[in-house]
Structures are given as C-alpha cells and as structure tokens.
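Chemist: here are the coordinates; sequence isn't available:
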C-alpha cells in the first residue's frame with residue numbers, strides 16, 4: 001500500500017525486542033495489514049489508525065468529534081461510543097486512506113439530549129463531513145433529569161497519538177466549554 005512518505009530516504013535501524021514484544025508487534029501488524037517496518041514507521045509518525053484503539057473506548061452515550069490536526073471533520077452521536085467508532089463508515093474509509101485522525105467525545109447522561117448537542121456542535125463548528133440540516137428544529141423532548149450531566153473527555157494518551165498541537169487543544173477545549181455552556185443555558189430557559 002503506498003504511503004504519503006515514500007519520498008523520504010529510509011534508514012536501517014536495528015531493534016532489540018523481547019519475544020513477547022515481537023509477538024505483540026506481529027499481531028498488531030497483522031491486524032492492521034502492515035509489515036513490521038511499516039507498523040514501526042507509523043508508530044514513529046503517530047499515524048496508527050484510530051480503529052486500532054477503539055476497544056479502549058468506553059461504551060457510553062456521547063457526541064463525538066473526529067479531528068484531523070486542528071480541523072473538526074465530523075460530529076456524530078451514539079448511545080454506545082465504542083460500537084459507533086468500530087462500525088462508523090467514515091472511519092473505515094479513513095483507515096483505508098491511512099489518514100491520521102483523532103477523536104474527542106462529550107459524554108452525556110441523557111440520551112435524548114444527544115441529537116440536540118450534536119446539532120449545536122455541527123452548527124457551531126461546521127465540520128466538512130456533516131451536512132447542515134435546513135429542517136425546522138424538532139420539538140423539545142422532555143428530559144428525564146432537569147439538566148443532563150455533560151463531561152468533555154479529551155484523553156491524554158489520545159492527544160499524544162493524534163499529535164494535536166497545544167494551541168489546537170486549547171482552542172478545542174475553549175470552544176467546547178463555550179458550546180456546553182450555551183447548551184446548558186438553552187436547557188434552563
């Protein structure tokens with residue numbers, strides 16, 4: 001499979017690994033359909049596909065953002081984040097294209113609030129892969145709780161994997177905090 005960095009000259013490197021490390025490396029390479037050297041190259045560049053990490057995601061109701069660098073590509077919602085990421089067609093296509101991306105999610109205790117939060121984020125962030133709806137807003141669904149619990153989750157290990165700059169992370173956190181405050185204000189009104 002051609003890669004975006006074939007024009008660089010490669011340097012031979014000798015690695016000393018334990019048998020367990022070699023076995024794990026081979027299993028991951030097989031799972032991702034890569035050679036050992038391609039796998040090590042992608043690890044070094046931070047280009048491992050997100051789908052290899054999907055088993056570590058929580059099975060929670062959430063709105064999620066798919067990122068490429070500083071750019072939000074897609075905002076989705078799911079009652080089970082782990083299943084959604086594993087089965088998402090956008091992510092499967094990205095894996096085939098070998099694009100480096102990241103994932104941020106906003107856990108929401110009230111499932112009926114997910115579409116509303118997603119819509120607010122799509123309208124505010126205007127991600128490339130989401131189409132803005134021209135439909136009239138649907139009537140509010142009564143919430144089981146007065147105000148849903150919302151928590152923004154940006155895992156540290158994910159940030160390293162996605163190679164997000166500190167500026168991009170700060171901007172994303174600020175925007176999400178403002179948007180969540182807007183959501184809370186709308187719920188209280």
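Modeler: The structure has been received and is ready for your questions. What you see is a predicted model, and the numbers here were worked out from it, not measured in a lab.

Chemist: in terms of pLDDT, where does residue 79 sit?
Modeler: Residue 79 is assigned a pLDDT of 92 by the prediction.

Chemist: what's the answer for residue 164, then?
Modeler: Note on residue 164: pLDDT of 45.

Chemist: what does residue 137 give?
Modeler: 41.

Chemist: pull out the buried positions in stretch 60-72.
Modeler: For stretch 60-72, the neighbour count (16 or more other C-beta atoms under 10 Å) marks 60-67, 72 as buried. C-beta here means a position set from N, CA and C on the backbone, and glycine is covered the same way.

Chemist: so of the residues you listed, which ones are in strands?
Modeler: 62-67, 72 (DSSP state E).

Chemist: looking at this, residue 15 is in a helix?
Modeler: No. Residue 15: not assigned to a helix; according to DSSP: H, G, I helix; E, B strand; the rest coil it is coil.

Chemist: phi first, then psi, for it.
Modeler: Dihedral pair for residue 15: phi -120, psi 140, per degrees, to the nearest 10.

Chemist: got the contact list for it?
Modeler: Contact analysis of residue 15 by C-beta atoms under 8 Å, 6 or more residues apart in numbering lists residue 40.

Chemist: for residue 39, see how far away it is.
Modeler: Taking C-beta to C-beta, to the nearest Å as the measure, residue 15 falls 12 Å from residue 39.

Chemist: next one: residue 114
Modeler: 35 Å.

Chemist: residue 88 too?
Modeler: Per C-beta to C-beta, residue 88 is found 23 Å from residue 39.

Chemist: where does this structure have low pLDDT?
Modeler: Within the chain, the ranges that satisfy pLDDT under 70 run 1-7, 32, 43-55, 69-70, 90-101, 132-189.

Chemist: would you map out the domains in it?
Modeler: If you go by automatic domain parsing, the domain ranges for the chain are 17-46, 49-188.
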